[in-house]
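# I would like to see how this sequence folds:
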Amino acid sequence: MTASPDPCDAGLPAQRVHLPFEAGPHRMTMGLLAVPEAAWFEIDARYPDDMAERRRLLAERHGEVFAALPVSDSARREALVMVAANLTTAVPEWFRREDHLLRNRLTGEGWDLAAPPCDSLELAGRLVQEDLCLIQPADGGPVFTAAVLCFPSRWRLHEKIGRTLAAVHGPVPLYADALAAPVDRFMARIGAGHIVVRRNWSVVDDPALFQPEGHGRGDLNAAITPDNAGTTLFLRVERQTLRRLPETGAVLFGIRVHVYPLAVAVRDTAAASRLAAALRALPADLARYKSLLTFRAALLTWLDRRGS
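Now for the predicted structure:
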């Protein structure tokens, strides 16, 4: 293996800043948009650092970031085939197929797809910045059956694996009433030829990608003030993709995590005003679940100053 090239030399684009929050009444919806094959995954200048952190976590905390049920065996193999095919087609300048060997120019790695050195889903997760989860149909509703999850947003993989989506999202306020049924229906009907994307957002006081805990905090963080909120708080956005695997019928759920210093993400008055309005419209239970109450007052004052 060779050292990773400079991302600028590799022609990697700058990290995109996603701003999915909107002013107006809070709406608990799926918010799905169709995307083309070439936009399934996001690869950007963060790739070398993100993949280095992924390799570290898989080496040091494997049991926390990878899990798979036997029922997902075929789906995990199919996921690797689909991911590899997409990369060699969408970004052939970075990924090249030579018979069974997949070469990754961005890391200098070569992988034998016919005899992977690790689990197929894990290998797929070593190729892209997205975490990858498998969801499979079952009598009681779609079930979470496997994942390479290096960058969780305050949840633990071992607590969710093997559960239905309704149970996985059980702690999320409003999910059972507003989203459980629509999500299950969507999982049943999504066609194999479609890729859809949705985005989640929150504001956090920790920039770490690996965050297995932290929901429901209510203690005041006095270190965050209206004067320093822009540099001590971070916008955390998940760009989530869903795609049916045609052979097994499983749905591959991708989660690309973006973390930006708040002052970098919220650069203009319009964005600051939209985020402030979205925070004020957020139901109290959801704000508490996202641990926003620990710094909400300081954050809103900072946003109001920036938005005026």
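
# quick check on residue 130: phi, psi?
phi -80, psi 140 (degrees, to the nearest 10).

# any idea how far it lies from residue 56?
Using CB to CB, to the nearest Å, residue 130 is found at 17 Å from residue 56. (C-beta placed from N, C-alpha, C; glycine too.)

# what's the answer for residue 297, then?
36 Å.

# from what I can see residue 104 touches residue 95, true?
Yes. Using CB atoms under 8 Å, residue 104 makes contact with residue 95 at a distance of 6.0 Å.

# need the residues touching each of these two.
residue 127 (CB atoms under 8 Å, 6 or more residues apart in numbering).

# tell me which of the two has more neighbours.
residue 95 (22 against 19; other CB atoms under 10 Å).

# who touches the more buried one in this structure?
Residue 95 neighbours (CB under 8 Å, 6+ apart): 84, 87-88, 102-105, 127.

# the residues you listed in helices, which ones?
Secondary structure from DSSP state H places 84, 87-88 of those in helices.

# between these, which is closest to residue 115?
For the ones in helices among the contacts of residue 95, the residue nearest residue 115 by CB to CB is residue 84; the value is 13.9 Å.

# please name the nearest non-neighbouring residue to the closest one.
residue 102 (5.5 Å; CB to CB, 6 or more residues apart in numbering).

# please apply the same query to residue 232.
residue 224 (5.1 Å).

# got the buried residues for the host helix or strand of residue 73?
Applying DSSP states H and E as the criterion places residue 73 in helix 73-90. Going by neighbour count (16 or more other CB atoms under 10 Å), the buried part of helix 73-90 is 73, 75-80, 82-84, 86-87, 90.

# now the residue nearest to residue 232: how far from residue 231?
10 Å.

# who has more neighbours out of the two?
Higher neighbour count among residue 224 and residue 231: residue 224, with 20 against 13, using other CB under 10 Å.

# touching, the more buried one and residue 298? I think so.
Yes. Residue 224 is in contact with residue 298 according to CB under 8 Å; the separation is 4.9 Å.

# who touches the helix or strand bottoming out on mean pLDDT in the chain?
Lowest on mean pLDDT, DSSP states H and E among the helices and strands of the chain sits helix 175-178, with a mean of 82. Outside of helix 175-178, the residues within contact range by CB under 8 Å, 6+ apart are 28-29, 166, 169-170.
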